[in-house]
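Q: Below is the sequence, then the predicted model.
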Amino acid sequence: MHHGHTGLNGLLVCVLGALLAAACSTSGGNGMTILDSGNGTGGDGDSDSDADTDTDGDSDSDADTDTDGDTDTDGDTDTDSDTDTDSDTDTDSDTDTDSDSDTDSDSDTDSDSDSDADSDSDSDVTCVDNDSDWWCASLDCNDSDSSIHPYAPELSSDSVDNDCDGQTDEINTDTGTGTVCDAQDLGFTLPHIKVMILQDFSGSMGASCPTNPTSWALAKAALDTIFNAWAGKQIDFGFDTFADDGVCGVGTLQFDTAPGFAYTNTIKTWVDSQGDWTPNSWTPLYMALNNYTNTAWAPNFHNTSTPSYLLLISDGAGNCWGCESCTGPADASYGTLSNTLHTSYQIHTFAVGFGGGAPGATLNQIALYGGTTFTSYIPATDTASLLSAFNQIASAVVPCIYPVDTTDTDIDPDEVNFYFDGVVVPFNTDCNTTPPGANVGWRWTDANHDHVEFCSTTCSKLKQGQVSTVTSEFGCPTVME
């Protein structure tokens, strides 16, 4: 034990005690503090030194320590415990009990009686669409049934107001003839987008600590979710690995790109069949990319009639270049190769670095010259961040504007409708952002009516893989937002 500290502590206590005693000592007119000793020097018979009849040290006759005439201890003239002069219990100068500066009882600073931040008296600032039929609840007469909304087909014998016009089972007279309008197929289909996933299958993807999942196990979980979400929709997947022989080989393509639910599920089944520790090769990264300069390699993917995107996922630097022990090329060579794929073969390349060992400089060169909006690689460390990376890519490659063939002279642009999975999408002249529009719907982008834009809220369903089919008809009046 260190006893010397005890003596020092005792000395400090003594010094502090002396200082406190000095602060409480009495004095007279020399300016030092005087404490009334009990018999009083104020001549009022109490124990303090002032001339009032209470025992506190101020000059008024109440029992608190301030100089106003009320019974609380703040410096204002009311009897509450705050520092303003109104009669409520908050510290602002209005007459309500909230802490803002207006006179209503809500918690915002505007002058209406609702709790939102706008200047009107309602609290509704967003479009609520419970049944996802593209009609806000304020306009939809049944927001729990997506088949019921303004301009929906009116059924003649179900005793339901299907089109929200206040009538039931009436004959559709939109054409003026007393008969149902003549809707015809416009022949519109969403153009497909090809995405080839080029997956690192090197040994580091299959290595792990005993208690941790392998990088490949984490990647598989993300790929499963991606394939499940997009199977049979707008993106046609392919799948390629490097190496494919456990060493440095890149001579076998697993799957070229192709459309269809069943095809995507075939890829998913193969991916799921690869064990968590299956990857065990070197990393022939340059050689794997270079395969795509050969149009005979993945010929469907090379077809330029629809966009082609190469999604590279890698966790390590290349270490194969024609032989097992060779060192990969310099980073700049990857940029040159990526640029060649873009300019000569119309292949746009995204780079995702998976895990802490991802070769950032190499992947940045690939991304910079890949011909996409991403000029650097996207980092990912687990299943969730790999999913996030793919969602960013899907949002970038799925467009909102599409060509429409309206050259048929029988097509009236005011009698065209679009449907997402059979549900009509309303027309919205300027894709306005104010409810009830809230960027819902579609619009023509030009006076020739040969391109259609799906507004951002509506288009987000395409970008997130939530829509299987988009169809269009002409011959019936356009459904308006």
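A: It's in. Numbers count the residues shown, from 1 in each chain.
Q: wait, what's in contact with the nearest residue to residue 391 once chain neighbours are set aside?
A: Nearest residue to residue 391 in three dimensions, chain neighbours excluded: residue 464, at 7.3 Å (CB to CB, 6 or more residues apart in numbering). The C-beta positions use only the backbone N, C-alpha and C, and glycine is treated the same way. Each residue near residue 464 by CB atoms under 8 Å, 6 or more residues apart in numbering is listed here: 229, 391, 394, 395.
Q: My reading is that the third one is in a helix; is that accurate?
A: Yes. When classified by DSSP: H, G, I helix; E, B strand; the rest coil, residue 394 is found to be part of a helix.
Q: Just the helices from the protein, written as ranges.
A: Using DSSP state H, the helices found in the chain span residues 4-23, 215-230, 261-273, 285-290, 299-302, 331-345, 360-368, 383-397, 456-463.
Q: for those helices, which one sits closest to residue 159?
A: helix 456-463 (31.5 Å; CB to CB).
Q: residues making contact with that closest one?
A: Residues outside helix 456-463 that contact it (CB under 8 Å, 6+ apart) are 134, 190, 234, 394-395, 398, 400, 420, 425, 431, 438-442, 453-454, 467, 470.
Q: Which pLDDT value goes with residue 216?
A: With respect to pLDDT, residue 216 scores 95.
Q: Ignore what I typed, I meant residue 171.
A: 51.
Q: and if you look at the one 3 residues further on?
A: pLDDT, the model's per-residue confidence, is 41 for residue 174.
Q: same thing with residue 244?
A: At residue 244, pLDDT is 86.
Q: do the same with residue 24
A: On the pLDDT scale, residue 24 gets 33.
Q: Now stretch 308-323 - C-alpha only, CSV.
A: The C-alpha coordinates for stretch 308-323 follow below in CSV (Å, rounded to 0.1, in the frame of the first residue of the first chain):
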residue,chain,number,x,y,z
SER,A,308,-25.2,-6.1,-72.4
TYR,A,309,-23.8,-5.6,-68.9
LEU,A,310,-20.9,-7.5,-67.4
LEU,A,311,-21.0,-7.7,-63.6
LEU,A,312,-17.6,-8.6,-62.2
ILE,A,313,-17.4,-9.8,-58.5
SER,A,314,-13.9,-10.4,-57.2
ASP,A,315,-12.2,-10.6,-53.8
GLY,A,316,-8.5,-10.7,-54.9
ALA,A,317,-5.9,-9.5,-57.4
GLY,A,318,-5.2,-11.5,-60.5
ASN,A,319,-2.3,-13.9,-60.2
CYS,A,320,-2.6,-15.9,-63.4
TRP,A,321,-1.6,-14.8,-66.9
GLY,A,322,-1.2,-17.9,-69.0
CYS,A,323,0.3,-20.1,-66.3
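Q: So for it, what gets flagged as buried?
A: Neighbour counts using 16 or more other CB atoms under 10 Å place 308-321 of stretch 308-323 among the buried residues.
Q: again, but for stretch 419-436
A: Buried residues in stretch 419-436, counted by 16+ other CB under 10 Å: 419, 420, 423, 424, 425, 426, 427, 428, 431, 432, 436.
Q: Verify the stated contact: the first one with residue 471.
A: Spelled out, that is residue 419. Yes. Using CB atoms under 8 Å, residue 419 is in contact with residue 471, at 4.9 Å.
Q: who touches the residue nearest to residue 401 when sequence neighbours are not counted in this structure?
A: Excluding its sequence neighbours, the residue lying closest to residue 401 (CB to CB, 6+ apart) is residue 453, at 4.7 Å. By CB under 8 Å, 6+ apart, the contact list for residue 453 reads 400, 401, 431, 442, 443, 444, 445, 459.
Q: so what's residue 453 bridging to?
A: residue 401, residue 443 (DSSP bridges).
Q: And it, what's its pLDDT?
A: 96.
Q: what do you get for residue 259?
A: 95.
Q: ok, the residue nearest to it when sequence neighbours are not counted - contacts?
A: In space, and not counting its chain neighbours, residue 259 is closest to residue 236: 4.5 Å by CB to CB, 6+ apart. Neighbouring residues of residue 236 by CB under 8 Å, 6+ apart: 192, 193, 194, 195, 257, 258, 259, 260, 263, 300, 306.
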